[in-house]
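Novice: here is a sequence together with a model predicted from it:
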Amino acid sequence: MQNRPSEGGALRVAVLGAGSWGTALAALIARHAHQVVLWGRDAAGVAAIDGEHRNPRYLPGIALPESLRATTDMAASLAGADLVLVVVPSHAFAETLQALAPHRPAAAGVAWASKGFEPGSGRFLHEVAAEVLGEDVPLAVVTGPSFAKEVALGLPTALTVHSDQATFAETVAGVLHGPSFRAYTGDDMLGAELGGAMKNVLAVATGVADGMDLGLNARAGLITRGLNEMLRLNRALGGEPETLMGLAGLGDLVLTCTGDLSRNRRLGLALGRGQPIDEAIKAIGQVVESLQTADEVMRLARRHDVELPIAEAVYAVLHGEITPAEGLAQLMARERKAEYPTALFG
Ligand SMILES: NC(=O)C1=CN([C@@H]2O[C@H](COP(=O)(O)OP(=O)(O)OC[C@H]3O[C@@H](n4cnc5c(N)ncnc54)[C@H](OP(=O)(O)O)[C@@H]3O)[C@@H](O)[C@H]2O)C=CC1
Ligand SMILES: O=C(CO)COP(=O)(O)O
């Protein structure tokens, strides 16, 4: 792996995490003529990306740009970087930030495309980032409906970049935006992260329902009432409702609840068909964020006294406390009530 000097207008971007999403985003940014170095911890995977321009484990059969460089040396990936994009699973987020901190060039802001919370604490990733990196480092979250495979294939995609610093959101959106990729911006990191995390839990619920052949009405009902759960927790936490009605919330919820490329939906499908959870996780063979996120969503819900019946049923199914059939019975037996007992907007 050899770094080249950057040319006019092109930024140097370090992408940390060489799984399916990190590789797809690195390839997208490299196709936009920026200089991208992808860091991964697996030497064989990195060698295939750097030398053969492919990632056989995570994006089989997809050609990557020849300009995309890859390395297992994190310090080398960060040398001269204008921008850092972290794309590891949420459980590895804090340790990756700690590892990158000493090598981050002073001017490089840090964005991430991971979806979830810090396991065990329920902390948002922007809270973790501010603590590890310090309050002065520009931070941004990249989120929205975006399956890695489709982005890697160059299919049209729209997502959103939220930051407290408008200029940093513009910088991050600027490297992502291109002929087949629309990157919007916003300033609500909390709402954006909440949507991206919660949709994974709700995708398990619709997967379970579809696995049990409960029909299309059940699926639409779960998506809509799931959105309501997102909005209720978001209101208690102080996020903007508009964020949840956009790409970071509704958009990603619809994608993940209906698209079979979703690993969280596939976990739900397997559980709904009666497959044991360990077998299902092994068969998926990639990160399934809901396994940690369900715990953290319920931790936040209890802390803020918000009722989330669908997320709670998913939590109980994932922990083997109830069967999918019992989860369904539990949801259907709930009291009849107003659709909006309290206003969610305004
Ligand atoms: N895939 C997608 O379509 C999308 C994913 N996301 C989010 O992106 C994040 C990453 O997921 P994704 O790329 O899909 O996951 P994958 O399962 O495709 O890949 C996981 C990657 O993370 C690496 N990894 C695992 N643990 C660690 C660790 N402790 N330190 C460093 N690297 C580690 C793996 O390395 P190794 O191979 O060595 O195990 C692998 O490169 C998740 O939060 C996910 O929700 C968001 C939008 C779309
Ligand atoms: O976040 C995603 C799409 O936006 C990917 O979803 P899964 O993690 O369920 O595969």
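Specialist: Good, I have the coordinates. Treat the numbers as computed from the prediction; the structure is a model and nothing was measured. Residues are numbered from 1 along each chain as shown. Ligands and ions are numbered 1, 2, ... in the order given.

Novice: what about the strands in the stretch 101-250 of the chain?
Specialist: 109-112, 139-143, 157-162, 181-186 (DSSP state E, counting those that start in this stretch).

Novice: which phi and psi does the residue positioned nearest the centre of the chain have?
Specialist: Geometric centre of the chain, nearest residue: K115, 2.9 Å, by Cα atoms, centre = their mean. For K115, the backbone dihedrals (degrees, to the nearest 10) come out as phi -120, psi 120.

Novice: for this protein, which residues are neighbours of ligand 2?
Specialist: With Cβ under 6 Å from any ligand atom as the criterion, the chain comes near ligand 2 at residues 115, 145-147, 200, 203, 252, 255-256, 262-264, 289. Where C-beta positions appear, they are placed from N, C-alpha and C, glycine not excepted.

Novice: make it 5 Å
Specialist: The chain comes close to ligand 2 at residues 146, 252, 256, 262-264, as judged by Cβ under 5 Å from any ligand atom.

Novice: CSV for those, including secondary structure?
Specialist: Converted to CSV, the residues of the chain next to ligand 2 look like this (DSSP: H, G, I helix; E, B strand; the rest coil):
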residue, secondary structure
S146, coil
D252, helix
T256, helix
S262, coil
R263, helix
N264, helix
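
Novice: where does pLDDT dip in the stretch 201-346 of the chain?
Specialist: 346 (pLDDT under 70).

Novice: which residues touch the residue nearest to the residue nearest to the centre of the chain when sequence neighbours are not counted?
Specialist: Closest residue in space to K115, ignoring its immediate chain neighbours: G196 at 3.9 Å, by Cβ to Cβ, 6 or more residues apart in numbering. Contact analysis of G196 by Cβ atoms under 8 Å, 6 or more residues apart in numbering lists 115-116, 141, 143-144, 248, 252.

Novice: run the last query once more with 6 Å
Specialist: 115, 143, 248 (Cβ atoms under 6 Å, 6 or more residues apart in numbering).

Novice: from those, pick the one nearest ligand 1.
Specialist: K115 (3.7 Å; Cβ to the nearest ligand atom).

Novice: residues contacting that closest one?
Specialist: 196-197, 289.

Novice: coming back round to it: tell me which of the strands of the stretch 101-250 of the chain lies nearest to ligand 1.
Specialist: strand 139-143 (7.2 Å).

Novice: give the helix, strand or coil label for the residue nearest to V204 when sequence neighbours are not counted.
Specialist: Excluding the flanking residues, the one nearest V204 by Cβ to Cβ, 6+ apart is G268, at 4.0 Å. Under three-state DSSP, G268 falls in the helix class.

Novice: what is the burial count for G268?
Specialist: 31 (other Cβ atoms under 10 Å).

Novice: quick check: it vs ligand 1, distance?
Specialist: 15 Å (Cβ to the nearest ligand atom, to the nearest Å).

Novice: tell me which of the strands of the stretch 101-250 of the chain is the most buried.
Specialist: Across the strands of the stretch 101-250 of the chain, the average number of neighbours (mean count of other Cβ atoms under 10 Å) peaks for strand 139-143, which reaches a mean of 28.

Novice: with that, I have no additional questions.
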